[in-house]
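**Q** Take this sequence and fold it.
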Amino acid sequence: MDITRDRFPSDFLWGVATSAYQIEGAVTEDGRGPTIWDEFSHTPGRTRDGDTGDVAADHYHRLHPDVALMGDIGVNAYRFSIAWSRLLPDGVGRVEPRGVAFYRELCEALHAAGITPVATLYHWDLPAVLQGRGGWGERDSVEWFTEYAVAAKAHLGDLVALWTTINEPWCAAFLGHGSGVHAPGLSDPACAYLAAHHMVLAHHSAVGAMRQVSPRRDDRFGAVLNLIPARPVTTSAADTRAADLVDVIHNRQFLEGVLRGTYPAEIREMHQRFGIAGRIDLAELSSRRAPSDLLGVNYYNINHIAYRPEAPAPGEYPGADGAVIVPPPGRLTEMGWGVEPEGLGWMLDRVTREHPGLPLYVLENGAAFPDDRMVDGVVDDANRIEYLRLHLAVLADSIAAGADVRGYFVWSLLDNFEWALGYSKRFGIVAVDQATGHRALKRSGFWYRDLMRGQGPSSQPASK
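**A** All right, here's what the predicted structure looks like:
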């Protein structure tokens with residue numbers, strides 16, 4: 001049976017999601033400053049085929065057609081990220097009016113189309129000048145981010161009520177500073193844990209400050225966490241301990257840091273192990289805690305964990321000695337991730353149980369598939385449709401069981417720059433021709449459009 005809208009609340013937000021560096025392009029236009037991802041992607045060997053976000057999906061020049069495309073699909077919400085260096089090219093100080101104008105134009109176009117803007121302040125594109133001053137490894141990053149957040153609220157707060165601060169801090173901290181596969185490309189466990197702490201503290205500082213800037217009754221603030229269940233591959237004590245530690249590093253560190261202003265004992269032990277306990281003020285974290293109005297949950301997969309005593313700790317999970325992520329059983333996406341929708345329900349139920357009363361939004365959910373089958377000129381991505389359908393069915397069950405989930409956003413609206421993987425992986429429900437920029441709905445885009453309309457499956461082509 002196909003999923004239908006009537007299984008969800010009448011005021012549910014149905015959306016699509018993107019991020020600035022992955023779609024905007026125009027990296028040297030209208031005063032935008034360089035970011036760590038500009039530098040990383042232009043460093044030989046860092047990205048697949050040397051791909052960069054210089055043009056990406058050229059959204060900067062195609063803002064209005066892209067909003068029209070969202071209107072054609074019928075979504076009522078759009079989650080995007082603001083490029084820090086478009087607003088503050090030097091990271092702090094001077095505000096660039098052309099950057100402000102771009103995001104105001106975007107939000108005004110969304111409102112005109114009946115689409116709610118949902119803004120994310122940080123989706124991994126730290127201004128390069130701030131990385132030169134130590135980046136997220138420095139305590140000053142908390143104040144830099146707070147200044148930026150205040151500027152964004154001051155200039156866009158009349159158009160945006162739903163704000164999220166930092167997207168997936170685990171990725172930014174541990175892929176960027178632990179394994180080094182993301183910008184800024186560091187492999188330093190101590191710096192990874194410091195960056196994680198500074199991002200959590202920056203979230204609290206920014207929310208507290210933004211609440212004082214042109215407050216409006218419908219303002220809502222939160223963070224976005226990519227929550228990945230960690231499942232032991234056997235019931236052995238060793239596998240279970242390894243999975244529990246991966247869960248602490250990936251999930252509990254940020255859930256408790258963001259929502260409670262504290263860290264699990266295992267994370268405090270990591271601070272001691274890597275020699276940074278003296279640089280982390282837990283009393284400050286507790287005193288600066290800003291209550292969250294919402295939590296963004298990004299879900300893609302489950303981590304299946306085995307313990308191998310001879311294995312070094314993964315770079316993205318420093319301190320989890322012997323923990324190995326093993327290939328999941330069953331169907332895989334092109335990212336090598338399992339199609340395991342039950343993990344979404346499990347995680348939503350867990351957050352609901354451990355943090356009752358907190359409104360949740362699934363701000364990213366989607367899949368990369370080869371997209372190499374065409375029917376009547378349309379990408380026939382049946383695997384993506386099935387992925388979305390299965391996850392929405394689980395989401396509907398979670399809501400029925402009591403999870404206060406208020407929105408769902410497909411990742412992603414457009415095929416885009418997939419970070420270190422360049423353009424080799426496609427998540428969009430809209431195909432983008434890299435040579436021409438031409439947009440065309442995939443079959444999954446028609447499926448989502450028909451879901452919005454309350455209709456059955458359709459294969460009618462449309463393009464922009």
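
**Q** Contact partners for Arg260?
**A** Arg289 (Cβ atoms under 8 Å, 6 or more residues apart in numbering). In short, each C-beta sits where N, CA and C put it, glycine included.

**Q** hmm, try it at 10 Å
**A** Counting by Cβ atoms under 10 Å, 6 or more residues apart in numbering, Arg260 touches Leu285, Ser286, Arg289, Glu354, His355.

**Q** Just the buried ones from these?
**A** Neighbour-count burial (16 or more other Cβ atoms under 10 Å) is assigned, among those, to Leu285, Arg289, His355.

**Q** which residues touch the last one?
**A** His355 makes contact with Leu255, Glu256, Val258, Leu259, Arg260, Ser292, Leu295, according to Cβ under 10 Å, 6+ apart.

**Q** count of residues packed around the first one?
**A** Other residues near Leu255 come to 20 when the count uses other Cβ atoms under 10 Å.

**Q** likewise the third one?
**A** Val258 is flanked by 25 other residues according to other Cβ under 10 Å.

**Q** Among the contacts of Arg260, which one lies nearest to Thr47?
**A** Ranked by distance to Thr47 (Cβ to Cβ), these are led by Leu285 at 34.4 Å.

**Q** Excluding chain neighbours, what is closest to that closest one?
**A** Leaving out its chain neighbours, the residue that sits closest to Leu285 by Cβ to Cβ, 6 or more residues apart in numbering is Gly261, at 5.3 Å.

**Q** Look up phi and psi at that neighbour.
**A** Here is the backbone geometry of Gly261 (degrees, to the nearest 10): phi 70, psi 30.

**Q** Pretty sure it sits against Val207.
**A** No. Applying Cβ atoms under 10 Å, one finds Gly261 not in contact with Val207, separated by 11.6 Å.

**Q** which residues are common contacts for these two?
**A** With Cβ under 10 Å, 6+ apart as the test, Gly261 and Val207 both reach Arg288, Arg289, Ala290, Pro291.

**Q** and which of these is nearest to Val95?
**A** Looking across the shared contacts of Gly261 and Val207 and measuring by Cβ to Cβ, the closest to Val95 is Ala290, at 23.4 Å.

**Q** does the residue nearest to the closest one when sequence neighbours are not counted sit in a helix, a strand or a coil?
**A** Residue nearest to Ala290 in three dimensions, not counting chain neighbours: Val207, with 3.9 Å by Cβ to Cβ, 6+ apart. Under the three-state scheme (DSSP: H, G, I helix; E, B strand; the rest coil), Val207 adopts helix.

**Q** how many neighbours does Val207 have?
**A** Every residue meeting other Cβ under 10 Å relative to Val207 is counted, giving 25.

**Q** do the one 4 residues further on as well
**A** When counting by other Cβ under 10 Å, one arrives at 15 neighbours for Arg211.

**Q** and what of the one 10 residues further on?
**A** Neighbouring residues of Phe221 were enumerated by other Cβ under 10 Å; the total is 22.

**Q** Could you confirm it falls within a helix?
**A** No. Under three-state DSSP, Phe221 sits outside any helix and is assigned strand.

**Q** Compute the distance between the closest residue to it other than its chain neighbours and Tyr60, please.
**A** What sits nearest to Phe221 in space, not counting adjacent residues and going by Cβ to Cβ, 6+ apart, is Val207, at 4.5 Å. Going from Val207 to Tyr60 by Cβ to Cβ, to the nearest Å gives 28 Å.

**Q** Mind putting the buried ones among the contacts of Arg260 into CSV with pLDDT, distance to Asn416 and secondary structure?
**A** Output for the buried ones among the contacts of Arg260, formatted as CSV (pLDDT from 0 to 100; distance: Cβ to Cβ, whole Å; DSSP: H, G, I helix; E, B strand; the rest coil):
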residue, pLDDT, distance to Asn416, secondary structure
Leu285, 98, 34, helix
Arg289, 98, 34, coil
His355, 97, 31, coil
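
**Q** closest to Thr235 among these?
**A** Nearest to Thr235, judged by Cβ to Cβ, of those is His355 at 27.7 Å.

**Q** State the three-state secondary structure for Pro328.
**A** Per three-state DSSP, Pro328 ends up coil.

**Q** do the same with Phe80
**A** Per three-state DSSP, the secondary structure class of Phe80 is strand.

**Q** mind listing what the closest residue to Gly71 other than its chain neighbours touches?
**A** Nearest residue to Gly71 in three dimensions, chain neighbours excluded: Ala113, at 4.4 Å (Cβ to Cβ, 6+ apart). The contact partners of Ala113, taken as Cβ under 10 Å, 6+ apart, are His64, Val67, Ala68, Met70, Gly71, Asp72, Val75, Asn76, Tyr78.

**Q** farthest pair in those residues?
**A** Largest separation among the contacts of Ala113 by Cβ to Cβ: His64 and Asn76, giving 18.2 Å.

**Q** between these two, which one's more packed in?
**A** More neighbours surround Asn76 than the other of His64 and Asn76, with 18 against 14 (other Cβ under 10 Å).

**Q** Please report how far that one lies from Asp11.
**A** Distance from Asn76 to Asp11, by Cβ to Cβ: 9 Å.

**Q** shared neighbours, the two?
**A** Gly407.

**Q** what is the mean pLDDT for stretch 10-18?
**A** Averaged across stretch 10-18, pLDDT comes to 98.

**Q** Could I have the CA atoms of that stretch written out in CSV?
**A** What follows is stretch 10-18, C-alpha atoms only, in CSV (Å, rounded to 0.1, in the frame of the first residue of the first chain):
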residue,chain,number,x,y,z
SER,A,10,-3.0,18.3,8.9
ASP,A,11,-0.4,21.0,9.8
PHE,A,12,2.5,18.8,9.0
LEU,A,13,5.5,20.4,7.2
TRP,A,14,6.3,18.6,3.9
GLY,A,15,9.6,19.8,2.6
VAL,A,16,12.8,19.4,0.6
ALA,A,17,16.2,20.2,1.9
THR,A,18,19.5,21.5,0.5
